[in-house]
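J.: Can you look at this prediction? I've put the sequence above it.
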Amino acid sequence: MHELGLVFEVIKRVETLAAENGICHVQKVVLAIGESSSVVPMFIREVYPSACEDTVLEGSELEIETIPARGKCRSCRRVYDPVKFRCECPHCGSRDYELLSGGEFLIKEIAVPEEEVPPDAGDE
């Protein structure tokens with residue numbers, strides 16, 4: 001299960017950001033996972049709580065958003081949902097497509113208690 005390794009990488013990155021900004025606790029992490037990625041959200045949810053123990057993320061909420069798959073047919077150049085149509089273009093029947101979105105795995109948002117927000121966080 002590579003999801004555990006992914007969760008450890010998320011924790012590592014969030015802890016680095018927290019340390020750089022003087023944050024001691026993270027309330028919530030939002031991950032954006034592509035529907036065509038090899039990541040199984042259910043497994044991410046299962047391993048998250050125990051992987052976060054003894055870190056700034058301990059007790060934090062995990063939210064997962066799904067990024068829909070979109071593919072562009074290389075034959076007719078039309079955009080379609082390769083998951084819904086099992087990778088076959090509904091317009092011309094070609095199975096040759098370029099994945100435009102849906103393969104991502106991103107840390108979309110990190111929420112911290114208001115009293116821990118760095119004073120210059122909104123100055124950009």
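T.: Cool, the structure landed.
J.: can you give me the mean pLDDT across the longest helix seen in the chain?
T.: For the chain, the helix that runs over the most residues, judged by DSSP state H, is helix 3-20. Helix 3-20 comes out with an average pLDDT of 97.
J.: Show me what the following helix or strand past that helix packs onto, helices and strands only.
T.: On the C-terminal side of helix 3-20, the closest following helix or strand by DSSP states H and E is strand 28-34. Packed against strand 28-34 by the contact rule (3 or more C-beta pairs under 8 Å, 6 or more residues apart in numbering; DSSP states H and E) you find helix 3-20, helix 41-51, strand 61-67, strand 105-111. To be clear about C-beta, it is placed using only N, CA and C from the backbone, and glycine gets the same treatment.
J.: Return the set of buried residues in strand 28-34.
T.: 29, 31-34 (16 or more other C-beta atoms under 10 Å).
J.: again, but for stretch 92-104
T.: Those would be 97, 102, for stretch 92-104 by 16+ other C-beta under 10 Å.
J.: end-to-end on that stretch?
T.: 27 Å (C-alpha to C-alpha, to the nearest Å).
J.: re earlier: widest-spaced pair of the buried residues of strand 28-34?
T.: Val29 and Gly34 (17.0 Å; C-beta to C-beta).
J.: Contact partners for Ala32?
T.: Contacts for Ala32 (C-beta atoms under 8 Å, 6 or more residues apart in numbering) come out as 64-67, 104-106, 108.
J.: Throw those into TSV and include pLDDT and distance to Lys12, thanks.
T.: Converted to TSV, the contacts of Ala32 look like this (pLDDT from 0 to 100; distance: C-beta to C-beta, whole Å):
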residue	pLDDT	distance to Lys12
Ile64	98	19
Glu65	98	21
Thr66	97	24
Ile67	98	22
Glu104	97	19
Phe105	97	14
Leu106	97	15
Lys108	98	17
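J.: Could I get the residues you listed in JSON lines, plus columns for distance to Tyr48?
T.: Compiled in JSON lines, the contacts of Ala32 are given as follows (distance: C-beta to C-beta, whole Å):
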{"residue": "Ile64", "distance to Tyr48": "9"}
{"residue": "Glu65", "distance to Tyr48": "15"}
{"residue": "Thr66", "distance to Tyr48": "16"}
{"residue": "Ile67", "distance to Tyr48": "19"}
{"residue": "Glu104", "distance to Tyr48": "18"}
{"residue": "Phe105", "distance to Tyr48": "14"}
{"residue": "Leu106", "distance to Tyr48": "16"}
{"residue": "Lys108", "distance to Tyr48": "15"}
